[in-house]
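>>> Would you be able to build a 3D model of this:
(one chain, ligands or ions: 1)
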Amino acid sequence: MRVTSIRIASLPVALLSCSLVIGGGAVRPVTAGEPVILQPGADGVQRATLTLDSYSYSPDHLIVQAGKPVELTLTSVTTITPHNFIIKELAVEQDVGAGKTVTVRFTPMQSGTFPFYCDKKLLFLPSHREKGMEGRLEVR
Ligand SMILES: [Cu+2]
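The predicted model follows:
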């Protein structure tokens with residue numbers, strides 16, 4: 001049991017509904033590790049909202065289709081610590097300042113499972129990724 005799921009449960013309902021609309025199914029809390037399948041919208045864009053905290057992404061397992069654009073809204077709920085969102089294999093790198101919301105767009109062309117992570121770190125301390133701030137994008 002990770003701290004992540006407890007924090008998620010206390011988020012405002014409005015924020016939760018953003019990330020839960022994705023599957024088009026019943027509204028329920030996102031559990032860490034539970035895959036979320038992004039459905040393309042009318043414009044063909046696959047969208048999801050991720051919550052960034054210290055040190056996690058939620059949801060942390062996304063499933064998308066290859067060849068269609070992906071648009072991720074990254075919302076940080078930390079008050080001081082800056083984070084970022086990196087998918088090295090897809091040349092995605094986006095900074096997310098403390099308390100900020102930013103959008104990142106990319107189109108994965110090849111199938112496979114790619115890790116996304118935060119490489120921020122303070123001096124000699126372990127990186128956020130090493131502290132567990134990592135997830136995966138599954139491209140089918
Ligand atoms: Cu971070």
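
>>> Tell me the residues of this structure that contact the ion?
83, 118, 120, 128, 133 (C-beta under 5 Å from the ion). (Glycine included, C-beta is placed from N, CA and C.)

>>> contacting residues for the last one?
Which is residue 133. 52, 54-57, 83, 117-118 (C-beta atoms under 8 Å, 6 or more residues apart in numbering).

>>> Would you reformat the residues you listed as TSV and include secondary structure and pLDDT?
What follows is those, written out as TSV (DSSP: H, G, I helix; E, B strand; the rest coil; pLDDT from 0 to 100):
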residue	secondary structure	pLDDT
52	strand	98
54	coil	96
55	coil	97
56	strand	97
57	strand	98
83	strand	98
117	strand	98
118	coil	98
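
>>> Which positions in the strand or helix carrying residue 62 come out as buried?
Residue 62 belongs to strand 61-64 when assigned by DSSP states H and E. Under the neighbour-count criterion of 16 or more other C-beta atoms under 10 Å, strand 61-64 has 61-64 buried.

>>> can you pull out the helices in this protein?
3-9, 13-20 (DSSP state H).

>>> ok, the closest residue to residue 53 other than its chain neighbours to residue 100 distance?
With sequence-adjacent residues excluded and distances taken as C-beta to C-beta, 6 or more residues apart in numbering, residue 53 is closest to residue 77, at 5.3 Å. Using C-beta to C-beta, to the nearest Å, residue 77 is found at 10 Å from residue 100.

>>> swap in residue 64?
24 Å.
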